[in-house]
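Asker: When you get a sec, could you give me coordinates for this:
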Amino acid sequence: MSFDDKFHETSRRVRNWGRWGDDDRLGTLNLITDAAVVEAAATISLGHRVSCAIDMTHSGVQLGQIPTRVNPIHAMGSIDHPDLGDPDGEAMVPHFSDDMITMGLQAATHWDGLSHVSYNHMLYNGVPTSSITARGGASVLGIENVRHLVGRGVLLDIAGSKGLDRLADDHEVTPEDLDDAAEWGGITIRSGDIVLLRTGRIQLFFESGAQAYTFGSDGLGNSPGPGLRAVEWFHSHDIAAVASDSYIFEVFPSRSWDNALAVHCLHIVDMGLTQGQNWNLEPIAKMCTEIGRHEFFLSASPEPVVGGCGAPVNPVAVF
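Answerer: Here you go, the predicted structure:
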């Protein structure tokens with residue numbers, strides 16, 4: 001399989017290599033300026049807070065078909081342990097319980113780092129994949145470069161704008177869909193926005209479990225999401241980051257098998273666009289509908305895992 005001419009034409013139009021300097025490590029997150037954060041803070045009027053994270057649990061969204069994506073495994077290291085010594089079993093001295101977790105960094109609600117995807121053995125901004133090593137991880141484009149990710153979040157409720165609870169499994173989100181959802185939500189897109197893209201797909205996880213969520217209601221592996229044309233929409237609108245409520249993020253399979261997972265490559269490698277998956281956008285969609293507003297302050301900083309190709313996050317929208 002190799003990408004077709006449409007992919008390469010799109011790549012040439014959206015590539016941001018060198019836009020913020022040859023040593024840039026943030027890509028489109030550079031678009032979240034101080035002024036953009038001040039404007040984002042002005043959207044807070046009610047103080048209502050809504051989390052977009054799914055629970056980190058062993059019964060999560062992963063099925064094991066991607067070997068490193070282990071659902072979070074929680075274990076206790078010590079229970080009611082007297083760290084300072086308690087030879088007589090005296091309960092009135094301090095006791096502590098500690099625990100640990102093992103998981104794939106992209107297993108639950110997460111951001112993909114700019115080292116997560118490559119093609120032609122190249123990462124964003126021309127960084128070679130040889131910069132990722134078994135011991136050190138991503139030595140150049142590690143997720144720890146993203147020290148903060150806050151700004152104006154906008155919910156583009158593609159399903160809601162069409163009067164649907166959930167998009168069809170094979171729905172390709174187009175620029176027209178994105179424009180319609182913005183208009184339906186009363187949103188004027190601004191440079192530096194963080195777009196949350198609701199398809200309704202996460203409903204399958206809560207209703208029927210990981211198998212249905214990952215492979216679709218028909219079990220064929222189809223999934224709704226942006227296609228190649230939508231990539232240029234994100235580029236032309238200077239979107240800083242985008243996250244969705246699906247496992248794959250982009251439409252799958254692509255309209256052409258030659259372009260399967262092409263959106264990942266165009267977003268992360270060519271644009272340097274931080275992208276997230278497995279976000280629960282049902283509560284935020286409900287809040288937006290209740291208050292009649294689809295913009296909010298979003299706090300969604302990833303855990304600073306040194307060398308990480310991605311990281312879990314608990315995104316919180318503040319209205």
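Asker: I'd like to know how far residue 241 sits from residue 294.
Answerer: Look at residue 241 and residue 294: by Cβ to Cβ, to the nearest Å, they are 17 Å apart. All C-beta atoms are positioned from the backbone trio N, CA, C, and that covers glycine.
Asker: should've said residue 263
Answerer: Taken as Cβ to Cβ, the span from residue 263 to residue 294 is 23 Å.
Asker: Who has more neighbours out of residue 241 and residue 294?
Answerer: residue 241 (28 against 25; other Cβ atoms under 10 Å).
Asker: My guess is that one contacts residue 273. True?
Answerer: Yes: judged on Cβ atoms under 8 Å, residue 241 makes contact with residue 273 at a distance of 6.8 Å.
Asker: So for the two, which residues contact both of them?
Answerer: In the contact map built from Cβ atoms under 8 Å, 6 or more residues apart in numbering, the residues linked to both residue 241 and residue 273 are residue 28.
Asker: ok but residue 195 is inside a strand, no?
Answerer: Yes: the assignment for residue 195 (DSSP: H, G, I helix; E, B strand; the rest coil) places it in a strand.
Asker: Give the residue spans of this structure that score low on pLDDT.
Answerer: 1, 86-91, 254-257 (pLDDT under 70).
Asker: any idea which residue sits dead centre in it?
Answerer: residue 276 (0.9 Å; Cα atoms, centre = their mean).
Asker: roughly how far apart are that residue and residue 82?
Answerer: From residue 276 to residue 82 the distance is 42 Å (Cβ to Cβ).
Asker: Kindly report the same for residue 293.
Answerer: 52 Å.
Asker: Could you do residue 108 as well?
Answerer: From residue 108 to residue 82 the distance is 33 Å (Cβ to Cβ).
Asker: Can you give me the domain boundaries for the chain?
Answerer: As given by automatic domain parsing, the domain ranges for the chain are 5-67+105-318, 73-102.
Asker: Tell me which of those is the most buried.
Answerer: domain 5-67+105-318 (a mean of 19; mean count of other Cβ atoms under 10 Å).
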